[in-house]
Every structure is written in C-alpha cells, then in structure tokens.
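Asker: Sequence first, predicted coordinates after that:
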Amino acid sequence: MEFSVYFFAANDDRSFHERYRFILDVARAIDPLGFRAIWTPERHFQEFGGSFPNPSVLSAALAVATERLELRAGSIVLPHHHPVRVAEEWALVDQLSGGRAALCVATGWHSGDFVFYPDNFERRREVAFGTIPVLRRLWAGETVEFPGPGGRMLPVRTYPRPCRAELPLWIVHSSNPRTWVTAGELGTNVLALVDSWERLETNVAAYRKARAEAGHDPRTGVVTVGMHTYVGDDEGQVRALVAEPVRRYIDTFLTQKSNDAASGTMTQAEKEELAKVVAEDFYERRSLLGTEEKCAAVVRRAQHAGVDEIACMVDFGLPFATVLDALPRLDALRARFADPAPAVRPPRTAPPAGRVPSAARAAASAGAADSAMAWYYER
C-alpha cells in the first residue's frame, strides 16, 4: 500500500500566506520519507478549497521545495482549460521537478465555476474524457491542430518538452459507477472517496475488467482513495480533537452545495444533522482518524477492497502545528504497509491517440446518481 498526502481545505482564520507556507512545510517534512505524492486541487469562487485556484502554480513551488514526491493535480477540471495550456503548464512543472508531474482529471460539477467556458457545462463529461487523448498526444510531442482565427486550423506543438515520456493520469470518481469503466478503457488511474466498501469493491472489479478488455494490463491501474487523516496515541483524545474540525469541514462543504439541485431543499437543521452523521461515519468506518492500530485496520480493509494507495487528507481544520507534529505517527503507519522490495510497475499503456472509447461517451451522458448521498461524493 502506498501513501500520499492530499490538500483540500476549507478556508479558516489563517491567512492564505500561512496556509501556503503550511503546505510547503508538510511537503518538506514528508519528502525524505516514503510517501508517494502530494496532491493539490483546483477550486474556484468558493470557501471550500478556495486556496487552490491553480494547482500548476502551487506545484511549481512544490517542485523546487522537494526532491522525491510526485506532484499531482488533484484534480484539474479539464472543461475549464484549453488542452494546450494544460500541456504547457504541467510540462514546466515536470521540468522544474525533474519528471515528477501527474494529473487527476475532473469533469467539474458546480455550475458557478463555469465562467471560463460556459458552453462546456452541459457537456462537461464529454469534454473532460475527450480531452484526455488530445492531452496525451501533446505531452508526447505530437503536432495537433486547433481552430485559429478566421476558421483556420493551426498546428501546435507545445514547449517546454516534459522530462517524463508519459504523463500519469487519474480520473476522479463521482457517484457514477460508469466512470470506473471509462477510466479502465482510457487506461488511467482512479481517485475516489469511499462511500461504501462493498460498492468500492464492485467498482474496482469493473475497472480492472474494463482495463483488460481495452488491452491494458489490469494490474497496472492505480486505485487511490482519499481519507481524512490524523494518527494519534490515544483514541479518546483523537476523537475529541478531530470532532469539531471534521464537523466544520463537512458543514462548509454542505454550505457550498446549498445552491445545487440535490441539496437545495435541505433545511439548515437537516444540513447540521447530516454533517454530524457524515462526520461520525468518517471517523468510524472511512478515515485514518484514531490510533495507529485503529487506522491499520482501515488500511487492511482498503487493501481487501483492491485499493493501491491512500491519499491522506490532513488539512480538514486542525491547527497547522498539530498536523505537522502528527506526521511522524502517520509515517509509522505508512511504514507498516511499505513493500520492502517494491515491484517495478510495467509501463502504463494508453489507447491510440485521439480514440474516445464508447464507454467514455456513455459516461458523458450518464444520468444522476443512485444514492441520496451521492452528490456529496461527486467531486
């Protein structure tokens, strides 16, 4: 099992400067250890995740502050961007970091974010999945034509050229199980939250099957799950420490969702009650919150479900110094599950450039989630 660190904080009373310094401090602390990567997301115009408008800029800073960590966008909302700009910016990060850039692709879900390309909102899944083969071609150094002034098609080859020959890609899973099949067909990895361990096992099996049917080695796809994380020495103390920050974190998310169709009918009392229920469920079943032994049991459950990596969400409202002080305990947990002789993964394979598999088109037009809570996980 591999471990990485994931940032997605709601803003609090700390300044943006302090938060960015904290991210750099965490990165420097875990860089010499065995953590695989650090994730920074893309979010716009909302308090929840509002410190992260551009993961490529923050990853450029992380590139010169670290030496080993893979620097991942977690996620980049492709319908907000021209693929040429994505290729250019992340190739620069790849050069600065010596070949450590990676991306997780998101479709976007909040209508208020789509001021960049408003027409992409209704077809955001089609745009996101259809852009992946184009992005791969640009990363590989191919010349790709795009519409220019006067209706002319302009050939484009991007610079700088990246260090690594192939860009590692994830797709973030929303509530739609077809996303797992799409990721398998496209030959990407998957980033998800855990709403149900049983459902996760089903989705992972579908993903592995789709990879095999599309001609990819099913063993090489990486399944990453994000979990709220704080490892302490005493269960009661940890529960008391994280209870209010987790509740605030979730309440902020629910407030952000208040204008969305799935949650707009909820009263404030219902939102508060839901926040309590979700927080308790996080603590008991779907988090790395607690002692090392409790968290180790969760890691073993994740292994059983077919998870390859846990992205530790450490910035859910605890004091920055508290998070930093707990990193050695998290590293001890990581070390328990480290492979003493990590196997070399076979090279990732990708479909022919420009091909958009049929399941990807099906996912683009898929309907609403089948769970009342699914909108929460649609990130």
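Answerer: All right, it came through fine.

Asker: and Glu235, what is it in contact with?
Answerer: By CB atoms under 8 Å, 6 or more residues apart in numbering, Glu235 lies in contact with Gly290, Thr291, Lys294. Yep, even glycine has a C-beta here, placed from its N, CA and C like the rest.

Asker: Tyr207 - that's part of a helix, no?
Answerer: Yes - per DSSP: H, G, I helix; E, B strand; the rest coil, Tyr207 lies within a helix segment.

Asker: Kindly provide the distance from it to Glu185.
Answerer: From Tyr207 across to Glu185, the span is 10 Å (CB to CB, to the nearest Å).

Asker: between those two, which one's more packed in?
Answerer: Neighbour totals were compared for Tyr207 and Glu185, and Tyr207 leads with 28 against 24 (other CB atoms under 10 Å).

Asker: Torsion angles phi and psi at Arg179?
Answerer: For residue 179 the amino acid is Thr, not Arg. Dihedral pair for Thr179: phi -60, psi -40, per degrees, to the nearest 10.

Asker: Quick check: it touching Ile171?
Answerer: Yes - contact criterion CB atoms under 8 Å: Thr179 and Ile171 qualify, at 6.3 Å.

Asker: Quick check: neighbours shared by these two?
Answerer: Common neighbours of Thr179 and Ile171 (CB under 8 Å, 6+ apart) are Val190.

Asker: out of these two, which sits in the busier spot?
Answerer: More neighbours surround Ile171 than the other of Thr179 and Ile171, with 28 against 25 (other CB under 10 Å).

Asker: Let me know the helix or strand that that one is in.
Answerer: strand 169-172 (DSSP states H and E).

Asker: Over to Cys104?
Answerer: Going by DSSP H and E, Cys104 is in strand 101-106.

Asker: Just the CA coordinates for the following helix or strand past that strand, please, in CSV.
Answerer: Using DSSP H and E, the helix or strand that follows strand 101-106 in sequence is helix 124-139. Taking Å, rounded to 0.1, in the frame of the first residue of the first chain, the C-alpha atoms of helix 124-139 are listed here in CSV:
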residue,chain,number,x,y,z
ARG,A,124,-18.5,18.6,-19.2
ARG,A,125,-18.0,14.8,-19.1
GLU,A,126,-17.7,14.5,-22.8
VAL,A,127,-15.2,17.4,-22.9
ALA,A,128,-13.1,16.1,-20.0
PHE,A,129,-12.9,12.5,-21.3
GLY,A,130,-12.5,13.6,-24.9
THR,A,131,-9.6,15.9,-24.0
ILE,A,132,-7.5,13.1,-22.4
PRO,A,133,-6.3,11.6,-25.7
VAL,A,134,-5.5,15.1,-27.0
LEU,A,135,-3.5,15.9,-23.9
ARG,A,136,-1.6,12.6,-24.3
ARG,A,137,-0.7,13.5,-27.9
LEU,A,138,0.5,17.0,-26.9
TRP,A,139,2.6,15.5,-24.0
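
Asker: Tell me the helices and strands packed up against helix 124-139.
Answerer: Identification of packing neighbours for helix 124-139 by 3 or more CB pairs under 8 Å, 6 or more residues apart in numbering; DSSP states H and E yields helix 83-97, strand 101-106, strand 144-147, strand 169-172, helix 178-186, helix 358-364.

Asker: Now the third one: buried residues?
Answerer: Okay, so that is strand 144-147. If you call a residue buried by 16 or more other CB atoms under 10 Å, then strand 144-147 has these buried ones: Val144.

Asker: From the contact counts, what lies against the helix or strand following that strand?
Answerer: Per DSSP H and E, the first helix or strand lying C-terminal to strand 144-147 is strand 153-156. Counting contacts by 3+ CB pairs under 8 Å, 6+ apart, strand 153-156 packs against strand 144-147.

Asker: just how off-centre is the strand it packs on within its chain?
Answerer: How far strand 144-147 lies from its chain's middle: 29 Å, per CA atoms, centre = their mean, to the nearest Å.

Asker: didn't Leu103 look like it was pressed against Ala91?
Answerer: No - judged on CB under 8 Å, Leu103 makes no contact with Ala91 at a distance of 11.3 Å.

Asker: which regions of the protein sit below the pLDDT cut-off?
Answerer: Flagging of the chain using pLDDT under 70 yields the residue ranges 10-12, 44-45, 47-49, 252-266, 341-379.

Asker: Please say which of Leu103 and Ala91 ends up with more neighbours.
Answerer: Neighbours were counted for Leu103 and for Ala91 using other CB under 10 Å; Leu103 has more, 27 against 23.

Asker: give me the beta-bridge partners of that one?
Answerer: Leu103 has these beta-bridge partners by DSSP bridges: Ala73, Leu169.

Asker: Please give me every residue in contact with it.
Answerer: Counted by CB under 8 Å, 6+ apart, Leu103 has contacts Arg72, Ala73, Ser75, Ile76, Val86, Trp90, Leu167, Pro168, Leu169, Trp170.

Asker: which element is the third one on?
Answerer: To tie it back to what came earlier, the one meant is Ser75. strand 70-77.

Asker: Buried residues, stretch 287-303. List them.
Answerer: Ser287, Leu288, Leu289, Gly290, Thr291, Glu292, Lys294, Cys295, Ala296, Val298, Val299, Ala302.

Asker: returning to that earlier point: could you export the helices and strands packed on helix 124-139 as CSV, including distance to Ile30?
Answerer: What follows is the helices and strands packed on helix 124-139, written out as CSV (distance: least, CB to CB, whole Å):
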stretch, distance to Ile30
helix 83-97, 15
strand 101-106, 16
strand 144-147, 37
strand 169-172, 19
helix 178-186, 27
helix 358-364, 34
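
Asker: Of the ones you listed, which is nearest Ala321?
Answerer: Of all these, helix 83-97 sits nearest to Ala321, with 27.3 Å by CB to CB.

Asker: angle of the closest one against strand 70-77?
Answerer: Interaxial angle of helix 83-97 relative to strand 70-77 (axes from the mean of the first three to the mean of the last three CA atoms, to 10 degrees): 160 degrees.
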